[in-house]
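[1] coordinates only, sequence not included:
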């Protein structure tokens, strides 16, 4: 399994566009199975990869069966010792880019902002759970045995 990460602190440099285009190329032209983890609180990649109706369903309060990245990380924010490791992404067979997706969630921006101002103490634990040991290993376990 290979991981590709797009990161830049500056906004507006094309990270989301580049990531979505690479994912599209890998899935549609190279026949690769890809898991896209949308860690951006703006969730633009989630909105690009899904139709408007699919994205609306994910964010509708209490109506979605699909979990977001925030849902997987929130146990740490609630005082639990680890993230939710029962990974069940939005499958590529259900979206137009044929890409498995862990949708982002706007709530991530609230937690990050509160942490920057020292108003909540659990966010450093939440942020730490995004480390390679936490989230990526959980996704690797989910992908084990699948043809990539």
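    The structure has been received and is ready for your questions. All figures in this text were calculated on a predicted structure; none of them were measured in a lab.
[2] Can you tell me the SS state at residue 101?
    Under DSSP: H, G, I helix; E, B strand; the rest coil, the three-state class of residue 101 is strand.
[3] Please name the nearest non-neighbouring residue to it.
    residue 90 (4.4 Å; C-beta to C-beta, 6 or more residues apart in numbering). Where C-beta positions appear, they are placed from N, C-alpha and C, glycine not excepted.
[4] if I look at the one you found, how far off is residue 96?
    Between residue 90 and residue 96 the computed distance is 12 Å (C-beta to C-beta, to the nearest Å).
[5] Overlap in contacts, these two.
    Taking C-beta atoms under 8 Å, 6 or more residues apart in numbering as the criterion, residue 90 and residue 96 both touch residue 50.
[6] Tell me which of those two has more neighbours.
    residue 90 (23 against 13; other C-beta atoms under 10 Å).
[7] just checking, that one touches residue 98?
    No: the pair residue 90 / residue 98 is not scored as a contact, 11.7 Å apart, by C-beta atoms under 8 Å.
[8] returning to what we had before: from residue 5, how far off is the residue nearest to residue 101?
    20 Å.
[9] What is the neighbour count of residue 32?
    The tally of other residues near residue 32 (other C-beta under 10 Å) stands at 15.
[10] what's the pLDDT at it?
    Looking at residue 32, its pLDDT is 90.
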